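Enquirer: Quick one, what's the 3D model for this:
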Amino acid sequence: MKNRDPIKILNKSHYDKIEEILSFDRNLSGHACILFGVTSDYRVKNEINRVLKDRMSPDHSFFILDISGYERENYQKILNEIIDKNSGKKSFFVIDGLDMLIKRDGGDGNKPDILVFLNYNREFFRDNQIHILFWIREESESLLFDESPDLWAFRNSVFHFDAAPPAILSYEEHLRRIGLPFSMSDDREEIEIKIKAKKNLLKKYERYAPEDRETIRNLLEDLAGLYLQISIYNEAKRMAERALKIEETPHSLNILAVIYFSIGDFENSMKYLKRALNLSQKQSSKFGEAVALMGMGFVCNEDKHGPDVAIDYFKRASKIFKEVDRRDMEAITIGCIGGIYLKKGDPDKALNLYEKALEINKEIGNRIGEADQMGNIGILYRDKGDFDIALDYHQKALEINKEIGDEKGEAYQLEKIGILYREKGDFDIALDYHQKALEINRETGNRDWEAHQLGNIGILYRKKGDFDIALDYHQKALEINKERGDRIGEAGQLGNIGILYREKGDFDIALDYHNKALEINKEIGRRLAEADQLNKIGDTYSKKGDVDKALDYHNKALEINKEIGSRLGEADQLNKIGEIYSNIGDVDKALDYYKSALEINMEIGSGSGESLSLLGIVSLYMKKGDIENALKYIEKLRDTYKRYNYPMKNELEEYYEQIKQEKDK
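Expert: Just a heads-up that it's a prediction; the model follows:
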């Protein structure tokens, strides 16, 4: 068996700051050295403690003091212990547990006694030439500023340490895994608390220490990242742009790239990724270079550049991640390439890549990544129609999630198993799995994912034809989204309710819900989602029989997809418009639209879109009585089914035989 290397928790930025801490310790011999380390990731903190101990000068003693268990009346013992251990030695102290005391002492709006105590005894550290690093969480930094102003004034430096990479932290969508050095938390309330604390701290730095531009920039970047996590894109963009004015960093450029990606503006996303790439190359940051290339892969997979260009970017990123020993990120990029090949209709190549990514994750002991790739393989087999094999992989992924206590991953796999049974038509079994996922989301207090799961259950009941029950679930999800200020979730549920009413035949009510969803997407700047709602409004007008309005809305959706470079969306709208012209008997116009859609679908490797375009073209040539071209295109359609490993439908074969017979007459 191969030895399993530990997953890399720290990045280059972490190590640079560790060297700064060690430099302070060396250069301030004979003087006090008061440092603060700020992070909310206990793994980063523990790993930094380990590295500091390993790299500390041999003539120094290294002590970690956990003060979380001290009572108010015994705070003096903290100083006594420091004096005892420092006696006659060169010592470096790390203080852990300060946040616990701040939280305990500061209940009911009281001033935290521990901060008052430390502030009163600030000269103890100076007079005894203590070298000390206090670990605090982000939300405690502002309190130190307020309640220990004199101790804070004595500080030599404050070091903000980013959380561990998202691939290690938790199971996240690949979209959100482009290497941004901030954690992706599920807890919206926790994020909002952090935003409040950081905004408060930012005001203080801007007022009392405006010359500390680096800290101000870091706070702005952190705020941009936090706003991005809860999808408040305008504020995220504003903070990142302010940070960029102070100093251009790959971090702020990457955040802006993700913001624009999230709202479907692929052109601007690529612009910022290119700037991040150039800057990383100038700074000789191989990891930063790989992160930017990875981001470009995501963008190109969605925009006009197409999947082949995306694969090239992912390959370049993967190679660099391997060079810098970031095997976890290497595995992610390989998995992304696999996803593109699956989309292009090459499941064998996709499977090979997923298995390669799976093997890397096993080698480095990344159980979350292991479960991730097993889930991907499950989705692949589901798409092929091999439901039993798909189920086996999802069950294996689920077992890993349970073993490592990854409740979010567990809920995710339960959801995927639910979707699998839904596609098999086993609605009751599907419902059971979605309910289990919902239960975990509720137990863990994950309100955003609770709403997401309620929406999934609503979709399931809609497919069963139980519209009233479906509506109830969508309304419950909508209520949570509104309560938590989740505008994206709110728009999504409004759209789901719109679809439900459209399927019931209540077109005016459906339009009302889709228009509400459209307005929200316009307000928050999500252009791709805006195009999607325009598309759904167009579909509703088609069902209603209002051809002119249907065309108007599909053309509006088409224009947005063109503007933001979404080739898949563009092809979808061309197919929709072709279908409308076919229905009203304008065969030549319909053919033009279907053929334009076919060209794009073949270019980007969309098997489902290609099939729809070809089927529309065959139908139109049959209407024209052009049997030769009808036969030509239905043969192309059969080839498409074979190329993408789609099961050949009886209706398609019967249609094919019918056209052949027509030609032979």
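Enquirer: Look up phi and psi at the closest residue to Arg72 other than its chain neighbours.
Expert: On the basis of CB to CB, 6 or more residues apart in numbering, the spatially nearest residue to Arg72 that is not a chain neighbour turns out to be Asp113, at 5.1 Å. C-beta here means a position set from N, CA and C on the backbone, and glycine is covered the same way. Main-chain dihedrals, Asp113, degrees, to the nearest 10: phi -60, psi -40.
Enquirer: Residue numbering should commence at 14 henceforth.
Expert: Renumbered: residue one is now 14, and that last one reads Asp126.
Enquirer: What is the neighbour count of Asp126?
Expert: 18 (other CB atoms under 10 Å).
Enquirer: Next one: it from Lys369, what distance?
Expert: Remark: distance between Asp126 and Lys369 (CB to CB, to the nearest Å) = 55 Å.
Enquirer: Hmm, Tyr88 and the residue nearest to Arg85 touching each other?
Expert: Yes. Counting by CB atoms under 8 Å, Asp126 does reach Tyr88; the two are 7.4 Å apart.
Enquirer: residue ranges with poor pLDDT in the protein?
Expert: 14-22, 100-102, 118-123, 176-201, 277, 315-317, 319, 358 (pLDDT under 70).
Enquirer: who are the neighbours in contact with Ile350?
Expert: Ile324, Phe327, Lys328, Ser331, Leu366 (CB atoms under 8 Å, 6 or more residues apart in numbering).
Enquirer: which residues touch the last one?
Expert: By CB under 8 Å, 6+ apart, the contact set of Leu366 is Ile347, Gly348, Ile350, Gly351, Tyr354.
Enquirer: repeat for Lys556
Expert: Contacts of Lys556 by CB under 8 Å, 6+ apart are Arg515, Phe520.
Enquirer: Mind telling me what element it is part of?
Expert: For Lys556, the element it lies in under DSSP states H and E is helix 540-557.
Enquirer: Over to Leu355?
Expert: helix 340-356.
Enquirer: Check whether Val171 sits in a helix, strand or coil.
Expert: Secondary structure, DSSP: H, G, I helix; E, B strand; the rest coil: Val171 is strand.
Enquirer: Just to check, it is in contact with Ile47?
Expert: No. Using CB under 8 Å, Val171 is not in contact with Ile47, being 10.0 Å away.
Enquirer: Pick out whichever of these two has more residues nearby.
Expert: Taking other CB under 10 Å, Val171 and Ile47 do not tie; Ile47 has more neighbours (22 against 19).
Enquirer: Hmm, the more buried one is touching Ile145, no?
Expert: Yes. Counting by CB under 8 Å, Ile145 is a contact partner of Ile47 at 5.9 Å.
Enquirer: overlap in contacts of those two?
Expert: Phe138.
Enquirer: which residues does the residue nearest to Asp525 when sequence neighbours are not counted contact?
Expert: Using CB to CB, 6+ apart and skipping residues adjacent in sequence, the residue nearest Asp525 is Gly511, 7.8 Å away. The neighbourhood of Gly511, defined by CB under 8 Å, 6+ apart, consists of Ala523, Leu524, Asp525, Tyr526, His527, Ala530, Lys549, Thr553.
Enquirer: One more pass at 7 Å, please.
Expert: Gly511 is in contact with Ala523, Tyr526, His527, Ala530, Lys549, counting by CB atoms under 7 Å, 6 or more residues apart in numbering.
Enquirer: So it lies in a strand, does it not?
Expert: No. Remark: Gly511 does not belong to a strand; assigned using three-state DSSP, it is helix.
Enquirer: From Leu564, how far off is it?
Expert: Using CB to CB, Gly511 is found at 19 Å from Leu564.
Enquirer: Then Ala523?
Expert: 18 Å.
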